[in-house]
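Novice: The following block contains a protein sequence and its predicted model.
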Amino acid sequence: MSPLPADLPPVDTRRVDAREKVTGAARYATDLLPDDLAYAVPATATVGRGRITELDTSAAAAIPGVLLVLTHLDHLDLQSPGFVMGGGYGVQSLQPLLDDQIAYRGQTIALVVAETLIAATQAANLVRAVYEPEPFAVTLDSPGVERLSQPATIPLPFLADLDVGDAESAYAAAPVRVDAVYDQPAQHQNPMELIGATVWWHGDSLVVHEGTQNAAAIRHGLARQLGIDPDHVEVVSPYTGGGFGQKNSLQIHIAPLAVAARRLGRPVKLVVSRTQLFHHTSFRPASRHRIRLGADEHGRMLAALHDVEHQTSRFDLFPLMYTETTARLYGIGDFRGRQTFARMDTQTPGFMRAPFEHPGVFAFESAVDELAYAARRDPLEFRLANDTTVDPVTGEPFSSRHLAQCLRRGAKRFGWSARQHQPASMRADDGSLVGWGVAVGAYPASIVPSAAHLVATADGRIRVEVDGHEMGQGIRSSIALLVAENLGIDVRHVDIVVGDTRVATQHLTAGSWGTASTLGAVHAALRELRKQLGAEINGPVDVTAAVAATGGDHVEVRAETLGPGQTEQDAEHARQGLVALSGPEFTGYSSFSWIAHFVEVHVEPTTCRIRVPRVVSVADCGRVASPVTAASQVRGGIVWGIGASLREAGEVDPRYGGWLNASLEEYSVPVNADIGTLDVDFIGEPDLRFHPVGVKGLGEVSMVGVAAAVANAVYHATGVRHRRLPIRIEDVLAGSTGSSR
Ligand code: MOS
């Protein structure tokens, strides 16, 4: 990091890498311009499924400046990286360019490499293929979708059916019931930093710069694909410009880029275009949820049944973990969860921010709202009355749960007590219908093995080399604040290296476990450092004097940490670049982060335009490691939730396959004008049972429940329940639930 001027605001109120980011000093993987760089552009399949019968690259090869056109006819000699959720490293197991089979529209059929981006782009458009097409399925309702029960297909404990008590009998006996189906579309992350890489060979060693959440998977996956030693792969990712789960494993382009770089003997760069991004990598699968809820006359929830299916590809099984979270929202004694794969002909879907929790909780918290109205209860009071201190699935306590406090504090900030219960009964000054909705969210608190290397130098600086990836969530700020506070030094005297396989394993950063995992290792290393410096356990340390007193010019320490209950086997898993996860169930307790959202919508009664002038969200994420970046995470999560409820959908044409609205012109996301006041607060109570410094995760829980709060507010404004996202003007105009759209 470059030195910072002295006149910045107090250190605890800003993001430590903000200046690098806003001045452009932060270098992203595809910002690099090594000497002799060549540019790659993929050509893609134009059928929904089938086989290539003829492939003509002559026109492409004839474009001046074209260096190479790689296709399956070149025998790339690459192995599959394996699917990240199937014991492998890749966004999917299918590596394109190895044979003539087309599994989905948009699959890469050629990689053109040229002296310039313009030549490569022109040439890629000239690659001509003839196909023998085959029938395909691309929506949950398409003929030809193959449905598989998850536990029957993958008999792993964490993917099993969930059966607590006897939900069917309890539901049948309940006097107040709701039975409804909620539909959610596929969605695409669209990070600001597009997917892309710059790669080159340094002798026998491959150097990869790619914005990623999982440098370790790239390293080990490429080693497997290319048949080389992982020690000969170096992955560098100091900044990732938005990950959101889309950058959580090895992408399909990197191995072919490595082949091209080796054949040409020069660096090669590829930036996947916005349109190709929709077909190139993972996305949020479409899902359908049937929720059945039963309550007694006093508004006590008795039974819940959550049956869900979601799409996956023909060649990988992206697992479903929706009911893990919906079962924890309330103290419901009888709960049944069933999860089903729906295989179809797309690339493999994957994790997209709150991948299960957002869709699952949208459905569940919509149904809870319906049940509250059926039971003639205020939706806030109904939720508070069904709170629990015990995990209803395990019967053990939660390590911390301040959800009722989130609800109460949020209600106060929002002014909920002025709400009129009857739908369509409140109006704004401008005549719009006003709706106030509430919903809660939860997200499992997990932790992974981590390692930290601290170097204290005689000039008083601390260098931190650690497992972790900075994708904007603020991991650098969290680390810097922890080190600065612990040693009593200025945050600007902390230098941080993350996302670099040369300094640490670089286990996947995802699932909102990054801060807890990384800070655990840094905390352990700090204790060791204090020991080596001869300092007390607590209190400020004069680093310069303490280092000088050792007689050397620096002191370095290392720490490796595991999650609660993890063993050397997990550490070895992590060293192999595999996911080594613990949580949310630990011995004696379960850990989740919690949130409550309050949303106001205005619905203009003639055009049915929906506006969201304000949202209040209160989160329980344990100790808040970095206040500024934490608040930004929650604001970002709320915006995602508004996008999910009112804007975003990956549209497919069942006749042709592929994603139709593959651009930011047609894949609509919220813009500034769509967002009003976002009022964010934290409970801030450290969770020391889960974590040595008390942090749980925050990133993903932020968006969980927002979409339900919006939909519940739209119901309150209009009296019509919308069970299909996004809620569009035409649905509200038609007064339809969307289920017939
Ligand atoms: Mo996140 S969707 O677990 O990267």
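Specialist: Arrived safely, thanks for sending.
Novice: When you work out contacts or count neighbours from here on, use the C-alpha atoms and nothing else.
Specialist: Noted.
Novice: Could you list the low-confidence segments of the stretch 451-600 of the chain?
Specialist: Across the stretch 451-600 of the chain, nothing is flagged by pLDDT under 70.
Novice: Near the ligand, which residues of it? Just list them.
Specialist: 510-511 (C-alpha under 6 Å from any ligand atom).
Novice: Which parts of the stretch 451-600 of the chain are strands?
Specialist: 462-466, 494-497, 554-561, 585-586, 589-590, 592-603 (DSSP state E, counting those that start in this stretch).
Novice: Make CSV out of these and add mean neighbour count and distance to Thr57.
Specialist: Shown next, in CSV, are the strands of the stretch 451-600 of the chain (neighbours: other C-alpha atoms under 10 Å; distance: least, C-alpha to C-alpha, whole Å):
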stretch, mean neighbour count, distance to Thr57
strand 462-466, 24, 45
strand 494-497, 20, 43
strand 554-561, 19, 51
strand 585-586, 19, 54
strand 589-590, 22, 57
strand 592-603, 28, 53
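Novice: if we compare those strands, which one ends up closest to Leu293?
Specialist: strand 592-603 (20.4 Å; C-alpha to C-alpha).
Novice: where in the protein is pLDDT low?
Specialist: 1-13, 736-741.
Novice: that older thread, need the strands of the stretch 451-600 of the chain in JSON lines (columns: distance to Val522).
Specialist: Formatted as JSON lines, those follow (distance: least, C-alpha to C-alpha, whole Å):
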{"stretch": "strand 462-466", "distance to Val522": "8"}
{"stretch": "strand 494-497", "distance to Val522": "11"}
{"stretch": "strand 554-561", "distance to Val522": "8"}
{"stretch": "strand 585-586", "distance to Val522": "22"}
{"stretch": "strand 589-590", "distance to Val522": "24"}
{"stretch": "strand 592-603", "distance to Val522": "22"}
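Novice: Of those strands, which is nearest Gly245?
Specialist: strand 592-603 (18.6 Å).
Novice: Given that closest one, what are its sheet partners and their directions?
Specialist: In the sheet, strand 592-603 lines up against strand 433-444 (antiparallel), strand 610-620 (antiparallel) (DSSP bridges).
Novice: right, is the first one up against the ligand?
Specialist: No - counting by C-alpha under 6 Å from any ligand atom, the ligand has no neighbours in strand 433-444; the shortest distance is 10.5 Å.
Novice: So which residues make contact with stretch 634-650?
Specialist: 185-188, 615, 617, 659-662, 667-670, 675, 678, 680, 698-708, 710-711, 725-728 (C-alpha atoms under 8 Å, 6 or more residues apart in numbering).
Novice: filter those to the buried ones?
Specialist: Buried members of the contacts of stretch 634-650, scored by 16 or more other C-alpha atoms under 10 Å, are 185-188, 615, 617, 659, 661-662, 667-670, 675, 678, 680, 698-708, 710-711, 725-728.
Novice: Now go through the residues you listed and say which are in strands.
Specialist: 615, 617, 678, 680 (DSSP state E).
Novice: and the gap between the third one and Ala625?
Specialist: Leu678 sits 20 Å away from Ala625, taking C-alpha to C-alpha, to the nearest Å as the criterion.
Novice: Likewise for the second one?
Specialist: Distance of Ser617 to Ala625, computed by C-alpha to C-alpha: 18 Å.
Novice: next one: Ile118
Specialist: Computed as C-alpha to C-alpha, the Ile118 to Ala625 distance reads 45 Å.
Novice: higher neighbour count, these two?
Specialist: Ala625 (28 against 13; other C-alpha atoms under 10 Å).
Novice: for the stretch 401-550 of the chain, what spans make up the helices?
Specialist: For the stretch 401-550 of the chain, the helices defined by DSSP state H, counting those that start in this stretch occupy 403-414, 475-487, 514-532, 543-549.
Novice: Contacts only, for Thr323.
Specialist: Here Thr323 is in contact with 162, 306, 337-338, 360 (criterion: C-alpha under 8 Å, 6+ apart).
Novice: doesn't Ala372 make contact with Val176?
Specialist: No - Val176 lies out of contact with Ala372 (C-alpha atoms under 8 Å); the separation is 9.4 Å.
Novice: Give me the more crowded residue out of the two.
Specialist: Neighbour comparison, Val176 and Ala372: the larger count goes to Ala372, with 24 against 21 (by other C-alpha under 10 Å).
Novice: Follow the chain on from the helix or strand hosting that one and name the next helix or strand.
Specialist: Element membership for Ala372 (DSSP states H and E) is helix 357-374. Following helix 357-374 in sequence order, the next helix or strand is helix 379-385 (DSSP H and E).
Novice: Which elements pack onto that next one?
Specialist: For helix 379-385, the packing partners by 3 or more C-alpha pairs under 8 Å, 6 or more residues apart in numbering; DSSP states H and E come out as helix 357-374, helix 403-414.
Novice: Which one, of the ones you listed, ends up nearest to the ligand?
Specialist: helix 357-374 (10.0 Å; C-alpha to the nearest ligand atom).
Novice: Could you list which residues are in contact with Asp553?
Specialist: 457-458, 547.
Novice: cool, and Ser517?
Specialist: Contact partners of Ser517, counting by C-alpha under 8 Å, 6+ apart, are 447-450, 563.
Novice: Dump those residues into JSON lines; add neighbour count as well.
Specialist: Listed next are the contacts of Ser517 as JSON lines, based on neighbours: other C-alpha atoms under 10 Å:
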{"residue": "Ile447", "neighbour count": "31"}
{"residue": "Val448", "neighbour count": "27"}
{"residue": "Pro449", "neighbour count": "30"}
{"residue": "Ser450", "neighbour count": "28"}
{"residue": "Gly563", "neighbour count": "23"}
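Novice: With distance to Ser93 added, can I get those in a markdown table?
Specialist: Output for the contacts of Ser517, formatted as a markdown table (distance: C-alpha to C-alpha, whole Å):
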| residue | distance to Ser93 |
| --- | --- |
| Ile447 | 26 |
| Val448 | 24 |
| Pro449 | 25 |
| Ser450 | 26 |
| Gly563 | 28 |
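Novice: which one among the residues you listed gets closest to Asp467?
Specialist: Ser450 (5.7 Å).
Novice: gap between that closest one and Thr108?
Specialist: For Ser450, the distance to Thr108 - C-alpha to C-alpha - is 35 Å.
Novice: Beta-bridge partners for Ala110, please?
Specialist: Ala43.
Novice: Can you report how many residues lie near it?
Specialist: Neighbours around Ala110, by other C-alpha under 10 Å: 25.
Novice: Pretty sure Ala40 is one of the things it touches, is it not?
Specialist: No - contact between Ala110 and Ala40 fails when scored by C-alpha under 8 Å: they sit 10.1 Å apart.
Novice: list the contacts for Ala708?
Specialist: Listed by C-alpha under 8 Å, 6+ apart, the contact partners of Ala708 are 361-363, 365-366, 438-439, 645.
Novice: Many thanks, we can stop here.
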